[in-house]
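Participant: just to be clear, the model below is a prediction. Sequence and coordinates:
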Amino acid sequence: MKSGTANALSDVDYIYGYYPELNPLRVQLALLRRGLRWPSIGTACELGFGQGLAANLHAAASTVTWWGTDFNPAQAAFAQDLATASGVNANFSDDAFVDFVKRPDLPQFDYICLHGIWSWISDENRNAIVDFVRRKLRVGGVLYVSYNTLPGWAGFSPIRHLMVEHMRALGTKEQGIMVTMEKALEFAEKFFSTNPVFKRHYPGVRDHLNHIKKENMHYLVHEYLSDNWNPLHFADVVNQLQAAKVQYACSASTLQDIDMLHFTPEQLGFLREISDPVFSQTARDFMINQRFRRDYWIKGARPMPAQEQTQHFRNQRVVLSSHRSNITLDVKGTLGKMPLKEKHYRPVIDLMADHKPRTLGEIENLLRKDGISLAHLIEVMTVLAGIGHIGPAADDAAIEQATPTSKALNTFLLNKARSSTEISYLASPVLGGGVWVGQFEQLFLLSMQEGGKSPHDWAKAAWTIMAARGQRLMKDGAIMARDEDNLAELTLQAKEFAAKRLSSLQALKVA
């Protein structure tokens, strides 16, 4: 609005998001694939943690001690409430970045992470974070940074500018920031309906506008109406982080580094001719019109010999987190969908369908008769982890230690599901982090905790809660008006949950 957006945004709660790339176990897996040594992570810090859900899931589901700060005091208070509920030793504050770095009680961190912050803050705050990383990231430690990237935002950036200027020119305090965002989207829609020359030069922008209109409005306000919104080239981020003495390690997205998903043979040949690693990443971003990067950085990268890397791969524990029937043997990349080899993937999925953690070495021994090598297993693990069907698993001692705090946090979140549908993740000590659990599934689990024995019991308990808050199900695009229809649909979903999902949640120690 005319008075600026910073204060208005502070009054809008951020979404309760979870981002698996922040999980310390994911750090180890990504660096292992790159052949780099990783630190033993005992202390971690998330800067700009939003509602603090991810930080608390990682704190409750692991033995790592977490710290963090977020500018919104209400969000910091909620994050601390979650920590209190789980009983973990975590410290969350609402300090500004420039003040947080000055705190005398902060330890040295093995891992510092920030998701969706870097390209939404001022130069002053970026400089404060660089100073923080330089001072507080232990030598050998890892930094995770995600940010809006150029060239992917080159087309939509002017439209975002148009929406912000509409807000500043025509928005008022009285109508509020949420209505202001809705009206800015309506204006952009009307603008495109006039068939401007801009639309003809950037035809993909209209598709992006249609996509964001379906997003959570709280997310859109924070994403697009910030006073600081600066998509960055990879080389810009390299230059900004130089003073922190960290260097780029790899993408935190396991699928991003699988070249065959994103580049044609001709493009790969072109990229391999580029000797400079920073410029190579820049060229890759232009090849695929990269819009968002998730990157790991290391303070003192150290490669490991190939033989040592192979042994670490054999020691890597993994667990299947999805029901086998929900896994389709294809993967989507920049080039479109690519089929996966049934002879390599299906035996692994069938073996891991009991959801028990195993090392790749154990899987290799069990599937050697099927002609599956360690190289095949590394590919299967990388792809299925990127899709979200498999995850790196903690060791037994860590699982045992984190089980009580995970259970306490999940109990708190399940009880919160009585009145709220905003949180869709629970803690798994096996995965060392969060697992997506839908709102109906949470109510089924809550019923089980309270003595519900059968899918019918779970559905009946869920419907009692939903009916009390005036919520009804939709089917085939229509709201189901009759109570008996809602209960019947919930019963079907509860039976599906019992058949396909419950066993995996129990194995992951979520249920």
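Facilitator: It's in.

Participant: okay, now the unreliable bits of the protein?
Facilitator: Scanning the chain for pLDDT under 70 picks out the ranges 1-14, 172-175, 218, 222, 224.

Participant: where do the helices sit along the stretch 301-450 of the chain?
Facilitator: Secondary structure of the stretch 301-450 of the chain (DSSP state H, counting those that start in this stretch): helices at 306-315, 342-351, 360-367, 374-387, 396-416, 439-449.

Participant: what's next to the longest one, contact-wise?
Facilitator: Spelled out, that is helix 396-416. Here helix 396-416 makes contact (Cβ atoms under 8 Å, 6 or more residues apart in numbering) with 56-57, 59-63, 82, 85-88, 393-394, 423, 425-430, 432, 442, 445-446, 449, 509-510. Bear in mind the C-beta positions are built from the backbone N, C-alpha and C, glycine included.

Participant: list the buried ones in that helix?
Facilitator: Buried positions in helix 396-416, judged by neighbour count with 16 or more other Cβ atoms under 10 Å: 398-399, 402-403, 405-414, 416.

Participant: now the angle from that helix to helix 439-449?
Facilitator: Computed by axes from the mean of the first three to the mean of the last three Cα atoms, to 10 degrees, the angle separating helix 396-416 from helix 439-449 equals 100 degrees.

Participant: who does the lengthiest strand in the chain touch, helix- and strand-wise?
Facilitator: Assignment by DSSP state E gives strand 137-148 as the longest strand of the chain. Using 3 or more Cβ pairs under 8 Å, 6 or more residues apart in numbering; DSSP states H and E, the elements in contact with strand 137-148 are helix 24-34, strand 109-114, helix 234-241, strand 292-298.

Participant: in the helix or strand harbouring Val98, what's buried?
Facilitator: In this structure, Val98 sits in helix 97-100 according to DSSP states H and E. Residues 97, 100 are the ones in helix 97-100 that count as buried (16+ other Cβ under 10 Å).

Participant: hang on, the earlier thing: for the buried residues of helix 396-416, which one is nearest Leu492?
Facilitator: Closest approach to Leu492 among the buried residues of helix 396-416 (Cβ to Cβ): Leu414, at 21.6 Å.

Participant: chain center to stretch 401-421, what's the gap?
Facilitator: Centroid displacement of stretch 401-421 relative to its chain, using Cα atoms, centre = their mean, to the nearest Å, is 19 Å.

Participant: again with stretch 260-278
Facilitator: Chain-centre distance of stretch 260-278: 27 Å, with Cα atoms, centre = their mean.

Participant: contact partners of it?
Facilitator: Residues from elsewhere that reach stretch 260-278, judged by Cβ under 8 Å, 6+ apart: 234-235, 238, 248, 255-256, 259, 280, 283-284, 287-288, 331-335, 338.

Participant: cool, and stretch 93-102?
Facilitator: Here stretch 93-102 makes contact (Cβ under 8 Å, 6+ apart) with 47, 68-73, 75-77, 103, 106, 121, 124-125, 128-129, 131-132, 135-136.

Participant: repeat that for stretch 504-511.
Facilitator: 319-323, 354-356, 399, 403, 406-407, 410, 426-431, 435, 437, 441, 445, 448, 502.

Participant: that stretch: end-to-end distance?
Facilitator: Stretch 504-511 has an end-to-end distance of 9 Å (Cα to Cα, to the nearest Å).

Participant: if you count neighbours, what's buried in it?
Facilitator: Buried positions in stretch 504-511, judged by neighbour count with 16+ other Cβ under 10 Å: 504-505, 507-511.
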